[in-house]
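Asker: pasting the sequence and the predicted coordinates here, then a few questions.
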Number of protein chains: 2
Amino acid sequence: MTTTASPFADTALQATFASLENPHFLRACLRMGTPYTPLWLMRQAGRYLPEYRATREKAGSFMGLATNPDYATEVTLQPLDRYPLDAAILFSDILTVPDAMGLCLSFAQGEGPRFAHRVADEAAVDRLEVPDMDKLRYVFDAVSSIRKALTLANGKARVPLIGFSGSPWTLACYMVEGAGSDDYRLVKTMMYARPDLMHRILAVNADAVAAYLNAQIQAGAQAVMIFDSWGGVLADGAFQQFSLAYTARVLSQLQRLGPQGQVIPRIVFTKGGGLWLQEMGALDCEVLGLDWTMNLGTARQSVGGATGGPGKALQGNIDPLVLFAPPQSIVQEVKRVLDSFGTTHQGAGVGPSLIFNLGHGINQFTPPEHVAALVETVHHHSRTLRI
Amino acid sequence: MTTTASPFADTALQATFASLENPHFLRACLRMGTPYTPLWLMRQAGRYLPEYRATREKAGSFMGLATNPDYATEVTLQPLDRYPLDAAILFSDILTVPDAMGLCLSFAQGEGPRFAHRVADEAAVDRLEVPDMDKLRYVFDAVSSIRKALTLANGKARVPLIGFSGSPWTLACYMVEGAGSDDYRLVKTMMYARPDLMHRILAVNADAVAAYLNAQIQAGAQAVMIFDSWGGVLADGAFQQFSLAYTARVLSQLQRLGPQGQVIPRIVFTKGGGLWLQEMGALDCEVLGLDWTMNLGTARQSVGGATGGPGKALQGNIDPLVLFAPPQSIVQEVKRVLDSFGTTHQGAGVGPSLIFNLGHGINQFTPPEHVAALVETVHHHSRTLRI
């Protein structure tokens, strides 16, 4: 396999990996070689784990959990204590930014997120502004607290910590709908009828998300991910204008190096965005997340730098529902996904690389012991795909 | 534009168009020239029309409406009386076949479809068989009745009538889930854990759908459409094995000519299937339906026979939510979609062709007067795209 030199300075790369016991996730983000395919799972700290449900019970509510740095630290580490995952992800929600804008986020029992104040009209759009980041202090405190909890006796980090936010478009969906939606009627009505209002919301969201992710990086996040969970509901043309352009606006404002001079990889995940993969390949980020509808071999050819030269690391993409099959079927499906991406390298240069993940968040009814089979198979089988 | 000779015999083509006042939809299905782009709208007979709601009220329930040929005829014709649409589509539901299998379909107020008996285990799968088509007599009676109602004083049909069914996979989703689903957990669990059971369900469904569509053709349907509404929730690999293969099995059993020796075009629509368009291009059908995420120009290049030779007619694909914008914005969006497909021909040969449609069913809250703006713009603007 052809590899080329990393575009990052040696000093920055040294700062990135030096303090990590397990550098494989960050190396794969930067398309550098790893002895096996690193993995983490979207929503790995969540309701499928009984220990999570116990902490959630203590906290009283989802927001009680998310806004308390001690609880957030506790649940962030729970999946790492069960499974040899290669990264931790901050326990939080994609909708903290509009909550800080004063829309007042809550999660009713058994339902999804809901805002007390939805952005329903021009006056509400006019009132929007980038929130004071101090209102999100609890998130940055959680990042610092988790980084401390991940530090081993030798001073190194067990695994790196990923920070995240919803994308400007995805935040706008919830802000205008006031909750989840089947048909996105309210947000699309505003988009088609009053594109000027939608652009104003998205511009504020983009600048707020950038400030939020930069503050997470300052607090210790070692990679950041933008979740464009609802980009895939847009029409061709509208996606580029209302989702992709504002994801790019966030990326253009993110700091490239962390407080120790280390490289901060940026991951963009658009659920249902496979048709726009080539356009996403032009984004100024290191990693593209993929859902299960995309063939990893095709994605590698398209944006993975398969023929040498620049490209994105890819992250994904097994169907989370595979985890409901018995372990021997899970093993087969994991192998099929790894094989579809193909071989990767172990060296210091850069070339095609994969971070294994689900194609979407883990289902709350997933049997925890099935996750163990997935993790073990990824680590074991991917070693046979090294050249 | 390069056009080639139609692969159909002249006598069959003559039988197809002779009895039609408006042959444009069927001509476009067969990639023959038309003076403008024909259109119809998925779910054009539906709740957004006050006259539909009045008939629905009389009928008492959705199934009361669908199983009564007089009512079904009445509502099928309602949108044609409002708008100059180029095709009628049988008023029915995609789930009539599993209802006839004994699963007992109903629609509770404000909710989606629900089966009294879901296919929950191996014994239920074993019991499945192709239903006696006599149980679906009400559908075939509706087809005959609608054909009569569409016949003008000169003996010609105003527009052709499209028959339809859900795809084997889409039927299986509802049969195993028992209702709609957010995560398809039950049907995917069966698919991943017991693929043998899923293949058995899909084989029965495919043979039942084929018999059902053939009976609709015998009763007078002049084109048939397979709705793979949930194919897009499958992972790459699973889609080909569990959805596409069984759509192909249906197609292989469909009669190619109707009772008058006319060609019966076959339309396949997989919502969210854009990533698999090239594979769908190999299906033995005349038309591929597309949702709004797909760029029509790209689709034309990929499967539309853009460079001459064989190809599919394409159907779609404006976002139905565009209809919530004011008419001047609707006009702009319709033009954008037509322009993205590009020019089409007017001649007797075959070449790239488009049937304008929504990318999914019309939303129940759509203002009816907005539909008029869409229809008029399609007919008017597409005349400027003829060469």
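Answerer: The structure has been received and is ready for your questions. Numbers count the residues shown, from 1 in each chain, chains lettered A, B, ... in the order given.
Asker: quick check: closest non-adjacent residue to A:P326.
Answerer: Leaving aside its chain neighbours, A:P326 sits nearest to B:A193 (6.0 Å; criterion: CB to CB, 6 or more residues apart in numbering or on different chains). Where you see a C-beta, it was placed from the backbone N, CA and C, and this is true even at glycine.
Asker: so how far is B:K335 from that neighbour?
Answerer: Distance of B:A193 to B:K335, given as CB to CB, to the nearest Å: 49 Å.
Asker: for A:V334, same thing?
Answerer: 47 Å.
Asker: again, but for A:L257
Answerer: 47 Å.
Asker: ok, now which ones touch the residue nearest the centre of chain A?
Answerer: The structure's chain A has its C-alpha centroid closest to A:M225; by CA atoms, centre = their mean the separation is 3.8 Å. Residues in contact with A:M225 (CB atoms under 8 Å, 6 or more residues apart in numbering or on different chains) are A:I89, A:I162, A:G163, A:F164, A:R266, A:I267, A:V268, A:F269, A:G289.
Asker: let's see which of the residues you listed end up in strands.
Answerer: A:I89, A:I162, A:G163, A:F164, A:R266, A:I267, A:V268, A:F269, A:G289 (DSSP state E).
Asker: in three-state terms, label the closest residue to the fourth one other than its chain neighbours for me.
Answerer: Once its chain neighbours are removed from consideration, A:F164 has its nearest residue in A:M225; the separation is 4.3 Å (CB to CB, 6+ apart). Look at A:M225: counting by DSSP: H, G, I helix; E, B strand; the rest coil, its state is strand.
Asker: may I have the beta-bridge partners of A:M225?
Answerer: Beta-bridge partners of A:M225, counted by DSSP bridges, are A:F164, A:I267.
Asker: distance of it from A:L161?
Answerer: Look at A:M225 and A:L161: by CB to CB, they are 11 Å apart.
Asker: which intervals of chain A have sub-threshold pLDDT?
Answerer: Chain A contains residues with pLDDT under 70 at A:1.
Asker: up against chain B, what does it have?
Answerer: A:183-185, A:188-189, A:192-193, A:232, A:234-239, A:272, A:274-275, A:292-295, A:318-319, A:321-322, A:324-326, A:329, A:333, A:336, A:340, A:359, A:363, A:365 (CB under 8 Å from any CB of the partner chain).
Asker: so of those, which ones are in helices?
Answerer: Counting by DSSP state H, these place A:R185, A:K188, A:T189, A:Y192, A:A193, A:A238, A:S329, A:E333, A:R336, A:S340 in helices.
Asker: and those, which are buried?
Answerer: Those of these that meet the buried threshold are A:R185, A:K188, A:T189, A:Y192, A:A193, A:A238, A:S329, A:E333, A:S340, by 16 or more other CB atoms under 10 Å in any protein chain shown.
Asker: could you name the helices and strands sitting against the host helix or strand of A:A206?
Answerer: Here A:A206 sits within helix A:195-219, counting by DSSP states H and E. For helix A:195-219, the packing partners by 3 or more CB pairs under 8 Å, 6 or more residues apart in numbering or on different chains; DSSP states H and E come out as helix A:96-98, helix A:122-127, helix A:137-149, strand A:161-166, helix A:168-177, helix A:185-193, strand A:223-228, helix A:245-253.
Asker: which one of the ones you listed lies nearest to A:L41?
Answerer: Among these, the nearest to A:L41 by CB to CB is strand A:161-166 (11.5 Å).
Asker: can you show me the CA trace of that closest one as CSV?
Answerer: In CSV, the C-alpha atoms belonging to strand A:161-166 read as follows (Å, rounded to 0.1, in the frame of the first residue of the first chain):
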residue,chain,number,x,y,z
LEU,A,161,-11.4,11.9,24.8
ILE,A,162,-13.7,13.0,21.9
GLY,A,163,-15.7,16.2,22.3
PHE,A,164,-18.7,16.9,20.1
SER,A,165,-21.7,19.0,19.1
GLY,A,166,-24.7,18.8,16.8
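Asker: what's that strand packed up against?
Answerer: Applying 3+ CB pairs under 8 Å, 6+ apart, one finds that strand A:161-166 contacts strand A:88-89, helix A:96-98, helix A:137-149, helix A:195-219, strand A:223-228.
Asker: out of these, nearest to B:H24?
Answerer: Between B:H24 and the helices and strands packed on strand A:161-166, the tightest spacing by CB to CB is seen for helix A:195-219, at 33.0 Å.
Asker: filter the residues of chain A next to chain B to the buried ones?
Answerer: A:184-185, A:188-189, A:192-193, A:232, A:234-236, A:238-239, A:272, A:274-275, A:292-295, A:318-319, A:321-322, A:324-325, A:329, A:333, A:340, A:359, A:363.
Asker: who's in contact with A:L128?
Answerer: Residues counted as contacts of A:L128 (CB under 8 Å, 6+ apart) are A:M101, A:V119, A:R200, A:I201, A:V204.
Asker: may I ask which two of those residues are separated the most?
Answerer: Distances among the contacts of A:L128 were taken as CB to CB; the most separated pair is A:M101 and A:R200, at 13.1 Å.
Asker: burial count for the residue of the stretch 1-150 of chain A found nearest chain B?
Answerer: Nearest residue of the stretch 1-150 of chain A to chain B (CB to the nearest CB) works out as A:G112 at 9.8 Å. As a burial measure, A:G112 scores 12 neighbours (other CB atoms under 10 Å in any protein chain shown).
Asker: ok, now A:A245?
Answerer: Neighbours of A:A245 using other CB under 10 Å come to 16.
Asker: list the contacts for the closest residue in space to it that isn't next to it in sequence?
Answerer: Sequence neighbours aside, A:L202 is the residue nearest to A:A245 in space, at 8.0 Å (criterion: CB to CB, 6+ apart). Contact analysis of A:L202 by CB under 8 Å, 6+ apart lists A:P168, A:W169, A:A172, A:F242, A:A245, A:Y246.
Asker: 7 Å instead?
Answerer: By CB atoms under 7 Å, 6 or more residues apart in numbering or on different chains, A:L202 lies in contact with A:P168, A:W169, A:A172, A:F242, A:Y246.
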